[in-house]
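Peer 1: Kindly generate the corresponding structure for this input.
(one chain, ligands or ions: 1)
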Amino acid sequence: MPVESGLPEFLSGYRDVERVKRVIDLIQQRTRQPWTLMEICGGQTHAIMQYGLDQLLPDEIELVHGPGCPVCVTSLALIDQGLWIAQQPDVIFTSFGDMLRVPGSNGDLFSVRAAGGQVRVVYSPMDAVKIAVANPDKRVVFFAIGFETTAPANAMAVIQAEKLGLKNFSILPANVLVPPAMHAILSSPGNRIQGFLAAGHVCAVMGYWEYPPIAERYQVPMAVTGFEPVDLLSGIYQTIDMLESGRVAVENAYPRAVTFEGNQAAQKLIFQVFEPVDRNWRGIGTIPNSGYGLRKAYQAFDAALHFDTGNIQTAESSICIAGQVLQGTKKPFECPAFGTLCTPQNPLGAPMVSSEGACAAYYLYKRGS
Ligand code: SF4
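Peer 2: Model (predicted):
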């Protein structure tokens, strides 16, 4: 029987208790030694905690949580730039809701709004384009955060703004990319990741053609993994099976959504508008070619060039260890501020704010407290 009634079959089937038990049995039978896996995506971290999957796995399997939370890794400098732009006269600053409570050096977007700034939550960058059309006397800026998943929509908004001849629309480019982050994690001296669960939604857009050279170079198997309990457990099983048999490959445990090539139309849009640039990840540092910047042909839509944000001084919390949490070297409960000085109501770092943040997941689902 499905765990939750009223769901469409394509979802409830992947939450089915009997199927979950069967995959757990398979994992238990296959696991013979300790293994450390990283789920790269913060959405997967939350799903693992929400369904208690971490508590059903054999003790030999340790899951560590990766940097796949775009709100968490957006650099303090970019957040401070966004805060500064949002305070300028005649600006409507638009953003996904998660960003509003992310602490910058001095406050957050909510505090800018409370002080009279025009900060609006949108559900898509195309909503920001519509706001620009409706407000020709305002400068409308969209905070273009996200992994490869949001990049096609960000690119589409820029193309649409160009088609409409909008001079009052721009984006603050902040997209980050998964493969360079995998390189950074696997090549760091303290790395202990032996297998990866690759993020299914990123791979639905990009495919997984970028991953075999990484798996080969670092001798780390990977499984493309979805977000429902059976999807997550299937990805874990496939990764453990590869590790136990000494096989290094990239397997697809999410074939209903992901192909090797990915969505080529979406990739074409991305590469028309964006090009890889070095990007600073909050708490981690600069990772080469790990972000998307606007190509020269579209730089008229780059808010960072429209607004002179050169003199902003950033000041990070001295307590927050988000960088170590995001790289999987520390668990949230190892942070001295976890659940005391830092809570979802009073966050010191982005991982406690975001719906994909590991600290928020540990707090919400009471792990390690
Ligand atoms: S608990 Fe708070 S202060 Fe500690 S790492 Fe997480 S976000 Fe930073």
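Peer 1: all strands of the chain, in order?
Peer 2: For the chain, the strands defined by DSSP state E cover 35-41, 61-68, 91-95, 118-121, 139-146, 169-175, 195-199, 222-225, 250-252, 274-281, 285-294.
Peer 1: among these, which is nearest residue 188?
Peer 2: Between residue 188 and the strands of the chain, the tightest spacing by Cβ to Cβ is seen for strand 285-294, at 10.4 Å. C-beta: built from backbone N, CA, C; applies to glycine.
Peer 1: Run the angle between that closest one and strand 169-175 for me.
Peer 2: If you take axes from the mean of the first three to the mean of the last three Cα atoms, to 10 degrees, strand 285-294 sits at 150 degrees to strand 169-175.
Peer 1: Next, find the distance separating residue 240 from the ligand.
Peer 2: 28 Å (Cβ to the nearest ligand atom, to the nearest Å).
Peer 1: Can you pull the phi and psi angles for the residue most central in space within the chain?
Peer 2: In the chain, the residue lying closest to the centroid (Cα atoms, centre = their mean) is residue 69, at 3.0 Å. Phi and psi for residue 69, reported as degrees, to the nearest 10, are phi -130, psi 100.
Peer 1: how many other residues sit next to residue 256?
Peer 2: The local packing of residue 256 (other Cβ atoms under 10 Å) involves 11 other residues.
Peer 1: Do you know the pLDDT at it?
Peer 2: Predicted confidence (pLDDT) at residue 256: the value is 93.
Peer 1: any idea how far the ligand is from residue 23?
Peer 2: With Cβ to the nearest ligand atom as the criterion, residue 23 and the ligand are 31 Å apart.
Peer 1: Around that residue, count how many other residues there are.
Peer 2: 20.
Peer 1: hang on, the earlier thing: who are the contact partners of the residue nearest to the centre of the chain?
Peer 2: 41-42, 45, 326, 350-351, 354, 356-358 (Cβ atoms under 8 Å, 6 or more residues apart in numbering).
Peer 1: For the stretch 151-300 of the chain, which segments are assigned as helices?
Peer 2: 151-163, 178-187, 200-206, 212-218, 229-245, 264-273 (DSSP state H, counting those that start in this stretch).
Peer 1: Which elements pack onto the longest one?
Peer 2: Using 3 or more Cβ pairs under 8 Å, 6 or more residues apart in numbering; DSSP states H and E as the contact definition, the elements that helix 229-245 packs against are helix 17-30, strand 35-41, helix 42-50, helix 53-56, strand 61-68, strand 195-199, strand 222-225, strand 250-252.
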